[in-house]
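Pasting the sequence and the predicted coordinates here, then a few questions.
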Amino acid sequence: MKKVFNNADEAIAGIPDGAVLMLGGFGLCGIPENCIKALVKKGTGQLTCISNNAGVDDFGIGLMLRQKQVKKMIASYVGENAEFERQLLSGELEVELIPQGTLATRCMAAGYGMPAIFTPAGVGTEVGIGKEIRVFNNTAYLLELAFEADFALVKAWKGDEYGNLVYRETARNFNPVMAMAGKITIAEVEELLPSGSLDPDHIHTPGIYVHRIFQGTHYEKRIEQRTVRKLAD
Amino acid sequence: MKKVFNNADEAIAGIPDGAVLMLGGFGLCGIPENCIKALVKKGTGQLTCISNNAGVDDFGIGLMLRQKQVKKMIASYVGENAEFERQLLSGELEVELIPQGTLATRCMAAGYGMPAIFTPAGVGTEVGIGKEIRVFNNTAYLLELAFEADFALVKAWKGDEYGNLVYRETARNFNPVMAMAGKITIAEVEELLPSGSLDPDHIHTPGIYVHRIFQGTHYEKRIEQRTVRKLAD
Amino acid sequence: MLNKNQIAQRLAKELKDGYYVNLGIGIPTLVANYIPAGLNVVLQSENGLLGMGPFPFDGEEDPDLINAGKQTITTVPGSAFFDSAMSFGMIRAGKVDLTILGAMEVSEKGDIANWKIPGKMVKGMGGAMDLVASAKNIIVAMMHTNPKGESKLLPACMLPLTGVACVKKVVTELAVLDITAGGFKLLERAPGVTVEEIMAKTAGKLIIEGEIPEMIL
Amino acid sequence: MLNKNQIAQRLAKELKDGYYVNLGIGIPTLVANYIPAGLNVVLQSENGLLGMGPFPFDGEEDPDLINAGKQTITTVPGSAFFDSAMSFGMIRAGKVDLTILGAMEVSEKGDIANWKIPGKMVKGMGGAMDLVASAKNIIVAMMHTNPKGESKLLPACMLPLTGVACVKKVVTELAVLDITAGGFKLLERAPGVTVEEIMAKTAGKLIIEGEIPEMIL
């Protein structure tokens, strides 16, 4: 049981060029900042990245896009990123768009050992083209295959030496389902605690799903849309 | 938003004879004691009960069996119950046995709006007879349909006015998946708190899945197999 | 003719006590400002929250707490966080009572197009396809016409579909319309808007029965 | 010939550092008593726990804390609770490294029967079918023969199956055997047990290659 790594560089060791990665997060919320920076530093290329979004020009997966490390992006929404758009239009970048719930559930399916799921999302649209349709109780569903990744990179709030993870607020999002779907799951946490520090009733991702864990540093936690109300409201 | 009921009698009002019920719990751990007692008192009959186990002769679902309120039992394991065995052998009681993981996942499927799931459990056994088999990546899976119930009766440790639930230790078991699978879900809790009392990061069952909630009383929490070690061990 | 806030105000009349509601980006988000006092409505944000509250006060933004539009938000008492699979699980299972979202086109059969314009950079469908495929009750909030003045209420959508035969009601700056087996049924006119104007700006089949009341905000 | 505790002791040698292990009811449960010091092994209980500890001290039983055999237990530091769907999810996904369970019959092809005897009251399969269908590494712990003295290692199971071609290894009071493409391959003899006795009590095809060492506990 040697799950604890010293830092992101050590934890991402062994991710080869051409790997299929999952990256947790929704927008810039709950993304594995340290792993991304380490991959940028290392320059690992030809990556397939499965993530709900593709970051912004100068943060998140956008940092990897800028260095042309990403061959293919699988996501549900990829706005807010000019370099992404440029690479897509020039044909440098492949993109596959997947409904958000389908993306999440295909990850969960892998983590639950289910080879495929049925969802009504996309029936009758171009998302359904070429896919098997099946009717249950008069409703049509698409058969969608489980999603597995060579490496899942997730970000949690707290973790312990066994790899147990606890997320905070909406920074949970895709992280638990991707943690379950990695052949090797690498978790970065804001606070790494000795085993026994987390209440076993509060753990969101049991350590059995996590292979490597480290305490991240210098979290920027950038806000994409800062919306506030005035005190007078 | 009037989810809070005064007691079990009021919460189970409207469960008709012949209803399909799910009852949370594993063995006698985490079972909806108050709801069961209220059903016994009311005498609701011809019930189909979906539950991992069938209680013991004088506790849990056993109390309903003794009064012949159960027409059909759907479970994964039904030992430890002489009256159950008598009714089964005499033909008074119908029984359907389902692998435990399949039972749990069919409930979850209903709560996640998935009409069916694939599982390898039971392939090549009598459980698979008559069921559709499908091969993914050289492994055979059974197609199993989602399980919905007219009423799901679950037991949690703490709950709030919105129906948010928190379970304790292994008393969690089937309760969260059955809570998701009830057309009407009735939750009994040891402690009912004002909304805002539970940490939103710690909630296991979000209130959207819970229609009625009440604070139970006189929890017996009977232990089925008391196993201890001596201090000298 | 209604402004965007008034459209939101009219949409808020569709809320009922105890409803779980998902509000899309744009006009639908504004509905949160008009929830009638005393009505207990729980807002779902599909990135993993039930019980979304108003924007935070300046300086109290929490980067871990955003909505599906990636805006900083707050929570209300009784809120719960969960992961994306459970979030779309509850949506798919029909546990969300009402979904209000924007659209580029709606057809008289209730088809909706709101994610892709051929020839333009496609940003993705996000959660829209999941929402429209599963929600029990979907109301579209949009302008009656596009910037070119062309009707967005059509016999059939021209743009790639997001979902098929799913929209139940449309609220625009001009009117409230139900989607029925026969087409768009006009229920209410916006203050000062004539039935003739609505007819002129509705390309899909429009059903007008009896006197059409002016909407009350 | 081994007693039940010695079988458990021998099974414990199959554990490796970092393993997640599911132990069935009966002899497999005893394996927990023989985990070598320094080896970090996490026990999974399929009712919803990773990190099962020993039985509680008398008076410290917690009715909310039981294992899949419904026995009162404790947890170790680093444990985690989860629901039944996730529990079988991690089993189905092959995250559990080793599963040890009892059996009534095992075939030379690795089929297992352990849930039903025709004519007897059927209590159900519990989680056994899920476990045997999904676990990467399944070891059966059982007596070599049934109370009538008939071999439980058969060419084909006579009883209704729990799972097909899934058992990788069998440990009995007499021997340790791998299931290979050719049948039961004898790996080790229990102290004092002859190859002849194992041959006499194994009805399925038995492969004996070279000298068979006596097992070391």
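The structure has been received and is ready for your questions.

Please make it C-alpha for all contacts and neighbour counts, starting now.
OK.

Next, see if the helix of greatest length in chain A gets close to chain C.
Across chain A, the helix with the greatest residue count (assigned by DSSP state H) is helix A:100-111. Yes: residues of helix A:100-111 contacting chain C under Cα under 8 Å from any Cα of the partner chain: A:100-102, A:104-105, A:108.

Chain D: which of these is nearest?
A:Met108 (9.1 Å; Cα to the nearest Cα).

if I look at that closest one, how far off is B:Asn81?
37 Å (Cα to Cα, to the nearest Å).

Flag every residue of chain A that's near chain D.
Neighbours of chain D within chain A, by Cα under 8 Å from any Cα: A:1-2, A:110-114, A:160-162, A:164, A:195-201, A:203, A:206-209.

And the average pLDDT for stretch A:182-191 is what?
Taken as a whole, stretch A:182-191 has an average pLDDT of 98.

Check which residues of that stretch are buried.
A:182-190 (16 or more other Cα atoms under 10 Å in any protein chain shown).

Nearest to D:Ile198, out of the residues you listed: which one, please.
When the buried residues of stretch A:182-191 are compared for distance to D:Ile198 (Cα to Cα), A:Lys183 wins out at 40.6 Å.

Correct me if wrong: C:Gly126 contacts A:Ile74.
No: here C:Gly126 lies out of contact with A:Ile74, judged by Cα atoms under 8 Å, at a distance of 11.9 Å.

And the strands in chain C, which stretches?
Ranges of strands in chain C, per DSSP state E, are C:20-23, C:42-45, C:49-52, C:75-81, C:98-101, C:105-107, C:112-113, C:138-141, C:153-154, C:167-171, C:175-180, C:183-189, C:206-207.

Apart from its chain neighbours, what residue comes closest to residue 112?
With no chain named, the answer covers chain A. What sits nearest to A:Tyr112 in space, not counting adjacent residues and going by Cα to Cα, 6 or more residues apart in numbering or on different chains, is D:Gly89, at 3.7 Å.

Please refer instead to chain C.
That would be C:Val106: by Cα to Cα, 6+ apart, it lies 4.6 Å from C:Ile112.

From the centre of chain C, give me the residue that's furthest out.
No residue in chain C sits farther from the centre than C:Gly59, which is 30.3 Å out by Cα atoms, centre = their mean.

Run through the strands of chain A in chain order.
Counting by DSSP E, chain A has strands at residues A:20-23, A:47-50, A:70-75, A:94-97, A:116-119, A:133-136, A:139-145, A:149-160, A:165-166, A:182-193, A:212-215.

what sits up against the helix or strand bottoming out on mean pLDDT in chain C?
The least trusted helix or strand in chain C, going by mean pLDDT, DSSP states H and E, turns out to be helix C:27-30, with a mean of 93. With contact meaning Cα atoms under 8 Å, 6 or more residues apart in numbering or on different chains, helix C:27-30 is reached by C:4-5, C:7-8, C:23, C:100-102, C:141-142.

ok, 6 Å please
If you take Cα atoms under 6 Å, 6 or more residues apart in numbering or on different chains as the criterion, helix C:27-30 is touched by C:8, C:23, C:100-101.

Stretch A:69-77 now?
A:45-53, A:93-100, C:123-126.

Put the buried members of these into a PyMOL selection.
Burial among the contacts of stretch A:69-77 is assessed by 16+ other Cα under 10 Å; the matching PyMOL selection reads:
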select buried, (chain A and resi 45+46+47+48+49+50+51+52+53+93+95+97+98+99+100) or (chain C and resi 123+124+125+126)
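
Run through chain A and note the low-pLDDT ranges.
By pLDDT under 70, the weakly predicted segments of chain A are A:1, A:232-233.

who touches the nearest residue to A:Gly163 once chain neighbours are set aside in this structure?
Closest residue to A:Gly163 apart from its sequence neighbours, by Cα to Cα, 6+ apart: A:Gly207 at 4.0 Å. Contacts were defined as Cα under 6 Å, 6+ apart; by that measure A:Gly207 touches A:162-164.

For the residues you listed, which entry has the maximal number of neighbours?
Neighbour tally across the contacts of A:Gly207 (other Cα atoms under 10 Å in any protein chain shown): the maximum, 31 neighbours, falls on A:Gly163.

Could you verify my assumption that it touches A:Val210?
Yes: counting by Cα atoms under 6 Å, A:Val210 is a contact partner of A:Gly163 at 5.2 Å.

ok, the longest helix of chain A near chain B or not?
No: applying Cα under 6 Å from any Cα of the partner chain, one finds helix A:100-111 separated from chain B by no less than 9.2 Å.

Just the buried positions in that helix, please.
A:100-111.

Please name the nearest non-neighbouring residue to C:Ile117.
C:Leu159 (6.3 Å).

Relative to A:Gln100, how far out is that neighbour?
In terms of Cα to Cα, C:Leu159 sits 20 Å off from A:Gln100.

Next to chain A, which bits of chain C? Give me the list.
C:47-48, C:55-58, C:63-65, C:70-72, C:81, C:83-85, C:88, C:123-127, C:129-130, C:133, C:161.

which one of the contacts of helix C:27-30 has the most neighbours?
Most surrounded of these: other Cα under 10 Å gives C:Ile100, at 29 neighbours.

what about the nearest residue to A:Gly24 once chain neighbours are set aside, neighbour count?
Distance criterion Cα to Cα, 6+ apart; nearest residue to A:Gly24, sequence neighbours excluded, is A:Asn175 at 4.4 Å. Each residue near A:Asn175 was counted by other Cα under 10 Å, and the total is 32.

these two touch, right, A:Asn175 and A:Ala156?
No: with contact defined as Cα under 6 Å, A:Asn175 does not reach A:Ala156; the gap is 7.5 Å.

what about the helices in chain C?
C:4-12, C:27-30, C:84-92, C:128-134, C:195-200.

Which one, of these, ends up nearest to D:Leu153?
Between D:Leu153 and the helices of chain C, the tightest spacing by Cα to Cα is seen for helix C:84-92, at 44.1 Å.

residues contacting residue 202?
Just so you know, I chose chain A. Counting by Cα under 6 Å, 6+ apart, A:His202 touches B:His202.

Switch to chain C, please.
With Cα under 6 Å, 6+ apart, C:Thr202 has these contacts: C:151, C:153.

try 8 Å
So C:Thr202 contacts C:144, C:151-154 (Cα under 8 Å, 6+ apart).

how far away is it from chain D?
Counting by Cα to the nearest Cα, to the nearest Å, the gap from C:Thr202 to chain D is 49 Å.

any idea how far that residue is from C:Leu154?
Distance of C:Thr202 to C:Leu154, computed by Cα to Cα: 7 Å.

Tell me where chain C is predicted with low confidence.
By pLDDT under 70, chain C has no low-scoring segment.

make it 90
Scanning chain C with the threshold set as pLDDT under 90 gives C:25-26, C:119-122, C:135-136, C:217.

and it, which residues reach chain B?
C:17-20, C:40, C:50, C:76-82, C:86, C:88-96.

Just the buried residues from those, in ChimeraX please.
A single ChimeraX command selects the buried members of those (16+ other Cα under 10 Å):
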select /C:18,19,20,40,50,76,77,78,79,80,81,82,86,88,89,90,91,92,93,94,95,96
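
To what extent is C:Leu186 buried, counted in neighbours?
22.

C:Leu174 is in contact with that one, correct?
No: C:Leu186 is beyond contact range of C:Leu174, at 10.4 Å (criterion: Cα under 8 Å).

Identify the spatial nearest neighbour of C:Ala156, chain neighbours not counted.
Once flanking residues are discounted, C:Ala156 sits nearest to C:Ser107: 4.8 Å by Cα to Cα, 6+ apart.

Ok, C:Ile66 next?
C:Thr72 (4.5 Å).

Distance of A:Cys107 relative to A:Met180?
Distance, A:Cys107 to A:Met180, using Cα to Cα: 7 Å.

any shared contact partners between the two?
With Cα under 8 Å, 6+ apart, A:Cys107 and A:Met180 have no common neighbours.
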